[in-house]
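Asker: Quick check, what structure comes out for this input:
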Amino acid sequence: MAGQDFLRLLSWVSPAFPTGGYAYSHGLEWAVERGDVCDVQTLCAWTYALLQHGSLGNDLVILHAAWVAGEDDDRLRDIAQFACATATSRERYEETTYQGEAFLRAAGVWNVTPPSTVLAGQRWPLPVAQGLVFRRGGVACRQAVLSGGYAAMAALVSAAVRLVPLGQTDGLHALARLEPALAAAARHAQDQTLEDVGGACFGSDLAAMYHETQETRLFRT
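Answerer: Predicted structure coming up:
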């Protein structure tokens, strides 16, 4: 990657990039309340399962498809519709679309987003928004998939640091342990198509559903 493209990528995956990601836990808040996630080991097991068999792995496949579509606006709209349909609950749908559309608005500063006429009338999930912005912003395929995956993984770890709570050092231990799993999931995603999207992380899907009626909540999802 050229220097300027790399600087853009740092901005786009920064926790400070204004997507509102700090407000979402991807169902983790319910899992912590239940005691399913209570330390570094259980956090890594939960996240590993999502990367290998669940929503995080699916998002990598979708991001890759959006990156491949590149400047094909019609294809991108089709991918966005597909990604919306894969949301397993209302909160998952809101989480991905609100963040995706916020991502597109913020990335518009770099003039790497489709025109408003293309975006209108369609909800834009986060992995689709990331894929098209990364492609139009000069980010190579492998770096794009890894970066999107890392942003999602880091957001989960950050939520767990606040919810469990874990110390900052424990959060870093979790990120370090999960690096090989993310690298493997990113490689796998580049060999798949949208027809391969699917999952078996029922506990995580149910956690997102139960979170809708959780009495005490810090996070929107």
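Asker: gap between residue 48 and residue 201?
Answerer: 10 Å (C-beta to C-beta, to the nearest Å). (Each C-beta comes from the backbone N, C-alpha and C, glycine too.)
Asker: Could you do residue 32 as well?
Answerer: Counting by C-beta to C-beta, the gap from residue 32 to residue 201 is 16 Å.
Asker: Please tell me I have it right and residue 218 contacts residue 29.
Answerer: Yes: Residue 218 is within contact range of residue 29, at 6.5 Å (criterion: C-beta atoms under 8 Å).
Asker: Those two: which has the busier surroundings?
Answerer: residue 29 (26 against 12; other C-beta atoms under 10 Å).
Asker: wait, that one sits on residue 212?
Answerer: No: with contacts counted by C-beta under 8 Å, residue 29 stays clear of residue 212, the gap being 11.1 Å.
Asker: Now name the helix or strand holding the residue positioned nearest the centre of the chain.
Answerer: Nearest residue to the geometric centre of the chain (C-alpha atoms, centre = their mean): residue 152, 4.1 Å. Applying DSSP states H and E as the criterion places residue 152 in helix 141-163.
Asker: next one: that helix to chain centre, how far?
Answerer: Centroid displacement of helix 141-163 relative to its chain, using C-alpha atoms, centre = their mean, to the nearest Å, is 7 Å.
Asker: With just CA atoms, put that helix into PDB.
Answerer: What follows is helix 141-163, C-alpha atoms only, in PDB (Å, rounded to 0.1, in the frame of the first residue of the first chain):
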ATOM      1  CA  CYS A 141      -7.900  -7.100  -0.900                       C
ATOM      2  CA  ARG A 142      -6.100  -9.000   1.900                       C
ATOM      3  CA  GLN A 143      -5.600  -5.900   4.000                       C
ATOM      4  CA  ALA A 144      -9.200  -4.900   3.500                       C
ATOM      5  CA  VAL A 145     -10.600  -8.200   4.800                       C
ATOM      6  CA  LEU A 146      -8.100  -8.300   7.700                       C
ATOM      7  CA  SER A 147      -8.800  -4.600   8.600                       C
ATOM      8  CA  GLY A 148     -12.600  -5.100   8.700                       C
ATOM      9  CA  GLY A 149     -12.200  -8.200  10.800                       C
ATOM     10  CA  TYR A 150      -9.800  -6.600  13.200                       C
ATOM     11  CA  ALA A 151     -12.200  -3.600  13.700                       C
ATOM     12  CA  ALA A 152     -15.000  -6.000  14.600                       C
ATOM     13  CA  MET A 153     -12.900  -8.100  16.800                       C
ATOM     14  CA  ALA A 154     -11.400  -5.100  18.600                       C
ATOM     15  CA  ALA A 155     -14.900  -3.700  19.200                       C
ATOM     16  CA  LEU A 156     -15.900  -7.000  20.900                       C
ATOM     17  CA  VAL A 157     -12.900  -7.000  23.100                       C
ATOM     18  CA  SER A 158     -13.400  -3.300  24.000                       C
ATOM     19  CA  ALA A 159     -17.000  -4.100  25.000                       C
ATOM     20  CA  ALA A 160     -15.800  -7.000  27.100                       C
ATOM     21  CA  VAL A 161     -13.200  -4.800  28.900                       C
ATOM     22  CA  ARG A 162     -16.100  -2.600  30.000                       C
ATOM     23  CA  LEU A 163     -18.700  -5.200  30.700                       C
END
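Asker: I am finished for the moment; much appreciated.
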